[in-house]
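A.B. asks: everything below, folded, please.
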Amino acid sequence: MNCAFSISSLFLIQLLVIFHCVQSANDIVQDTCKKIAANDPELNIDFCVKSLGSDPESHKVDLEGLGLIGVKLLQANYTGTIEYIKQLQKQKLEPSLLKALSFCLDVYTSGERKDLIPLYKAKRYGEVNIYVTIMMNKEAACDAQGSEKGGTVPPLTKSNADVYQLSIIVLDIMNIV
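C.D. replies: Numbers count the residues shown, from 1 in each chain. Presented below is the predicted three-dimensional model:
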């Protein structure tokens, strides 16, 4: 019985250690998002936590690793937005919306597109910063095209907002790192 008690005690201790490690990993995502949100009122903290936490690696990385996850998510969303615009253009939509979508596609695809992952891994944060800022400006230009009042192109509202939020996350993490 003493042996059984020792084995179950050992199992309980291991379980607590694992729980603590997972909790600590979750804390880096939440702590980072809280820190960013405290300095940047435009950041949606829930979006930040959900986005960074969606990558299984986020529970195993440090702050620099979270930045890399943010870069990967940003690039995927940026490319996904371009593909989404192309799909929308194939649908029968009103001419003004098609015109806005065409403008947004031109904006999103204009200029040089770089794979930011190698730049980030090489700690060339200044270059990453430039490209992320350009991506952010393209999102803003697309949003402004939505209406004469500076609204958004309705089918792109979420995609544009995601690109913008991920840009904030990446830029702010690089400022901390």
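A.B. asks: D62 touches V29, doesn't it?
C.D. replies: No - between D62 and V29 no contact is recorded; they are 11.4 Å apart, counting by C-beta atoms under 8 Å. Yep, even glycine has a C-beta here, placed from its N, CA and C like the rest.
A.B. asks: neighbour count for the two, which is higher?
C.D. replies: Set D62 next to V29 and count neighbours by other C-beta atoms under 10 Å: V29 wins out with 22 against 10.
A.B. asks: contacts only, for the more buried one.
C.D. replies: Going by C-beta atoms under 8 Å, 6 or more residues apart in numbering, V29 touches 49, 52-53, 58-59, 66.
A.B. asks: mind putting the residues you listed into a markdown table with pLDDT?
C.D. replies: Shown next, in a markdown table, are the contacts of V29 (pLDDT from 0 to 100):
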| residue | pLDDT |
| --- | --- |
| V49 | 96 |
| L52 | 95 |
| G53 | 94 |
| S58 | 91 |
| H59 | 82 |
| L66 | 95 |
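A.B. asks: farthest pair within the residues you listed?
C.D. replies: V49 and H59 (12.4 Å; C-beta to C-beta).
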